[in-house]
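Undergrad: With the sequence up front, the predicted model follows.
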Amino acid sequence: MELIREPDPAGVNGDTPTMRLFSLLELIAAKDQLVTLQGLVEETGLPKPTLHRMLQQLEGAGLLIRQSDGRHYGTGLRLRRLAENLLLNATHHGARHAVLRHLVDELGESCNVTTLSGNEVVYLDRVETPEPLRFYLRPGSRVPIHSSASGKMILSQMSPAQRRKLLAHAPLKAYTPKTVTDLDALEAEFGRIRRDGFALDDEEYLPGLVCVAVLVPNAAGGRSNLCVAVQAPVMRLTPDKALQTLPALQRAAEMIGKVDAEAAPESTDSMSS
């Protein structure tokens, strides 16, 4: 690939072909929507044949995926798995894990840090309660977005159109008699979640399991894709008791937000030529 010198408002030009591809990936991954070749041409100022060739390379590597209409591109499974692995491996022995362990010591129940991946919630880190009766879910476990406290918490930040686009592709599965599967009923709950700042899973995913989640603040001030949650058997953590854990959860979320902000490198223009 030739070294390009055309105008580059989005900073996709780089010193090497590899860095140019990486910078294009950064640009696409930062968007909360699918992209098109023409849209990227207008945003970057790069020639259409050059961008088309770059998109083909990234698609061939499984880092991007082209949609069924043949025009739109989104992040591929390989890229999403890479992001998940980075987050998983960064939390096992770091400061974020220490915050989570302290939270478990304070509350006495299993706690986890979660994120949204596609239409599922992924457990990035987890510390188990010492109690003999517990629900064991290891880091890397995946749970449904519509019936988990973390999933509903993250969904509550989206617009109704974004939520429906994510949830309407397949029938919402009823995992228990308490699972909410009606989109209108979920929308009403999202309003309550936005107002109160927490989400509750009242035996909606597993019978006998109650969970409450709060968002980890985003240092940049935008939408957060991280939650901190506590979960326990209903005989120890009723919905009313779950509300009593909110101050500790919110303190832990603030601390994790600060840890992540301190761990992030200073902002640099990694996409400049």
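TA: Good, I have the coordinates.

Undergrad: Kindly provide the distance from the residue nearest to E120 when sequence neighbours are not counted to G118.
TA: What sits nearest to E120 in space, not counting adjacent residues and going by CB to CB, 6 or more residues apart in numbering, is R142, at 4.5 Å. Yep, even glycine has a C-beta here, placed from its N, CA and C like the rest. R142 sits 9 Å away from G118, going by CB to CB, to the nearest Å.

Undergrad: what about these two, which has more around it?
TA: R142 (16 against 12; other CB atoms under 10 Å).

Undergrad: That one bridge partners, please.
TA: Beta bridges link R142 to V122 when assigned by DSSP bridges.

Undergrad: Return the residues in contact with D182.
TA: Residues near D182 by CB atoms under 8 Å, 6 or more residues apart in numbering: L172.

Undergrad: Could you list the buried residues of stretch 134-148?
TA: Under the neighbour-count criterion of 16 or more other CB atoms under 10 Å, stretch 134-148 has 134, 137, 139, 142-148 buried.

Undergrad: before we move on, what about stretch 186-198?
TA: Neighbour-count burial for stretch 186-198, counted by 16+ other CB under 10 Å, picks out 186, 189-190, 193, 198.

Undergrad: C-alpha coordinates for that stretch, PDB please?
TA: Output of stretch 186-198 as PDB, limited to C-alpha atoms (Å, rounded to 0.1, in the frame of the first residue of the first chain):
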ATOM      1  CA  LEU A 186     -38.800  -3.100  29.400                       C
ATOM      2  CA  GLU A 187     -38.900   0.500  28.100                       C
ATOM      3  CA  ALA A 188     -40.900   1.500  31.200                       C
ATOM      4  CA  GLU A 189     -38.300  -0.200  33.400                       C
ATOM      5  CA  PHE A 190     -35.400   1.600  31.600                       C
ATOM      6  CA  GLY A 191     -37.100   4.900  32.500                       C
ATOM      7  CA  ARG A 192     -37.000   3.900  36.200                       C
ATOM      8  CA  ILE A 193     -33.400   2.700  35.900                       C
ATOM      9  CA  ARG A 194     -32.300   6.100  34.400                       C
ATOM     10  CA  ARG A 195     -34.100   7.900  37.200                       C
ATOM     11  CA  ASP A 196     -32.800   5.800  40.100                       C
ATOM     12  CA  GLY A 197     -29.300   5.000  38.800                       C
ATOM     13  CA  PHE A 198     -29.400   1.200  39.400                       C
END
